[in-house]
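*Asks:* A structural model of the following input is requested.
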Amino acid sequence: MKNRRHSKRFFLAAVACAAATCMTAGTASAQAQAPGAYPNKPIRFVVGFSAGNSIDSVARIIAQHITNKTGQAVVVDNRTGANGMLAAAEVARAQPDGYTILISNSSTITVNPSLYKKMTYDVKKDFAPVSLMVSVPFILTVNPQNDPIGQAPNLKAMLDLAKAKPGAYSYGSAGVGNLTQLSYELLNGMAGAKMTHVAYRGTAPAQVAVLAKEVDSTFDNPSSVPKIKAGQLRALAVTSAQRWHELPDVPTIAEAGFPGFDISFWVGALAPAQTPPAVVKTLSDLIETAVQDPEVKAKLMQQGNIRMLNPQKFATQIDSETAQYAEIIRKANITLD
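*Replies:* Model (predicted):
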């Protein structure tokens, strides 16, 4: 009888212990999923481009600040290939919990859908925009030693030369379907000019081609600023709606006579679709706090113009750009597959 009472007490104690364990585990699980607790484990920033690239640099600057702010490590994972599409596809399939985030450029999100017939992700269905962080203008450059284009006093004068001799002058791009080509195609259309397109594998070889007088002009990135300041290249205009802080005397294309022209290369963060809105907002707020930090701001300004957009405004920007680039690609009949 005594043994039975001991056995019963042991059984009840075991049940109570198990119940307490389950409650504790359940509470821990609930806390892990609670939006207010985010982040409570390391976050992975997936970047579709190599280390040292401007997108990678922005990702690492923001990641370090969030790590310092939250005490949770933010790891940058470079998944290169297919113009960022491999990384995008991986994040699209990831758990929508806020711990796998795509740090992408504008081409992967707003250009590729109109260039490729077979896509491994659907931007509208597979992603929740988190934040746009940095916007980078392209700089229309010419070689001052390349007469007559290089001697044109301004952008309009250069385009007047091109209009007078359709196809006689050329521009280099960073590749077929690249934003540098789309920018020139839009400008040609607005100006009524026709310049011959020559595609290179990146902005660096396109810049070399301008210096070697192989092509007459190109849309370069901010890496060209030292050569512009040294007089090896001339900057006629920038593509963004605002002037580039590194070249305050260079007008925007809109200011140079083509109102409404506004194209920039940007870096933004996107989460998998179905990520809880509270988690998206928390991450967006963390990024906003980062870009307001003076030290972070100084580093980001070396990469481009800081342009913080919240999830809703970023989503609107993506929709607007996607439609704009789709129309440019259609009119220019640009295809990659």
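*Asks:* okay, CA-based contacts and neighbour counts for the rest of this
*Replies:* Will do.
*Asks:* does the closest residue to His65 other than its chain neighbours belong to a helix or a strand, and which?
*Replies:* Nearest residue to His65 in three dimensions, chain neighbours excluded: Ala290, at 6.0 Å (CA to CA, 6 or more residues apart in numbering). Under the criterion of DSSP states H and E, Ala290 resides in helix 277-292.
*Asks:* Just the residues contacting stretch 74-89, thanks.
*Replies:* 42-51, 56, 59-60, 63-64, 66-67, 102, 104, 107-108, 120-121 (CA atoms under 8 Å, 6 or more residues apart in numbering).
*Asks:* thinking again about what came up before, how many degrees apart are the very next helix or strand once past the helix holding Ala290 and helix 277-292 in direction?
*Replies:* Next helix or strand after helix 277-292 toward the C-terminus (DSSP H and E): helix 294-301. With axes from the mean of the first three to the mean of the last three CA atoms, to 10 degrees defining the directions, helix 294-301 sits at 90 degrees from helix 277-292.
*Asks:* where's the spatially closest residue to Pro166 that is not a sequence neighbour relative to Thr239, distance?
*Replies:* Leaving aside its sequence neighbours, Pro166 sits nearest to Lys194 (CA to CA, 6+ apart; 5.0 Å). Lys194 sits 18 Å away from Thr239, taking CA to CA, to the nearest Å as the criterion.
*Asks:* Looking at those two, which has the bigger crowd around it?
*Replies:* Thr239 (26 against 21; other CA atoms under 10 Å).
*Asks:* what's near enough to touch that one?
*Replies:* Contacts for Thr239 (CA under 8 Å, 6+ apart) come out as 137-140, 183, 252-254, 261-264.
*Asks:* Restricted to helices, list those residues.
*Replies:* Mapping these onto helices (DSSP state H) picks out Ser183.
*Asks:* wait, which of the contacts of Thr239 is closest to Asp216?
*Replies:* Distances from Asp216 to the contacts of Thr239, taken as CA to CA, are shortest for Leu140 (10.6 Å).
*Asks:* right, and the closest one touches Pro222 too?
*Replies:* No: counting by CA atoms under 8 Å, Pro222 is not a contact partner of Leu140; they are 10.6 Å apart.
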